[in-house]
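K.L.:
just need the structure, nothing else, for what follows:
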Amino acid sequence: MPLYEHVFISRQDLSNTQAEGLIEHFGTVLSDNGGKVVESEYWGVKTMAYKINKNRKGHYAFLKTDAPAPAVQEMERLMRLHDDVMRVLTIKVDGHDEGPSVQMQKRDDRDRGDRGDRRERRN
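P.N.:
Numbers count the residues shown, from 1 in each chain. Down below sits the predicted model:
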């Protein structure tokens, strides 16, 4: 089955348990339609770059799934109809990365890669 990654933002006035309950709810929708949630992460409340539905902040959640396309379409449809979900982003990936996402890693643990010859250009 194809692999997908989903990020959705829910309203800021939900409690943490309600926001995490949305992750479980949409995971159940996916499993009822023949898919499965490989991994899920709750990223917490974050400030957004611009207001969405008069909200400046939102609860962010991340799902890694292994599901057929009709199951993903049904989950997205229900997310868009849900009053508490403000935005949804789904992408199809070739493979899931092992370990926590970049959002969950500590700042010191992130691999920043080759930064080039930045010191030489300062002169």
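
K.L.:
what about the strands in this protein?
P.N.:
Secondary structure of the chain, counting by DSSP state E: strands at 3-11, 36-52, 55-66, 85-93.

K.L.:
buried deepest among those, which one?
P.N.:
Among the strands of the chain, strand 3-11 has the highest mean neighbour count (mean count of other C-beta atoms under 10 Å), at a mean of 21. The C-beta positions use only the backbone N, C-alpha and C, and glycine is treated the same way.

K.L.:
other SSEs contacting that one?
P.N.:
If contacts are counted by 3 or more C-beta pairs under 8 Å, 6 or more residues apart in numbering; DSSP states H and E, strand 3-11 sits against helix 16-32, strand 36-52, strand 55-66, helix 69-81, strand 85-93.

K.L.:
what sits against Asp94?
P.N.:
Leu3 (C-beta atoms under 8 Å, 6 or more residues apart in numbering).

K.L.:
which ones are touching Glu39?
P.N.:
63-64, 96.

K.L.:
hey, what's it bridged with?
P.N.:
Note on Glu39: beta-bridge partners by DSSP bridges are Lys64.
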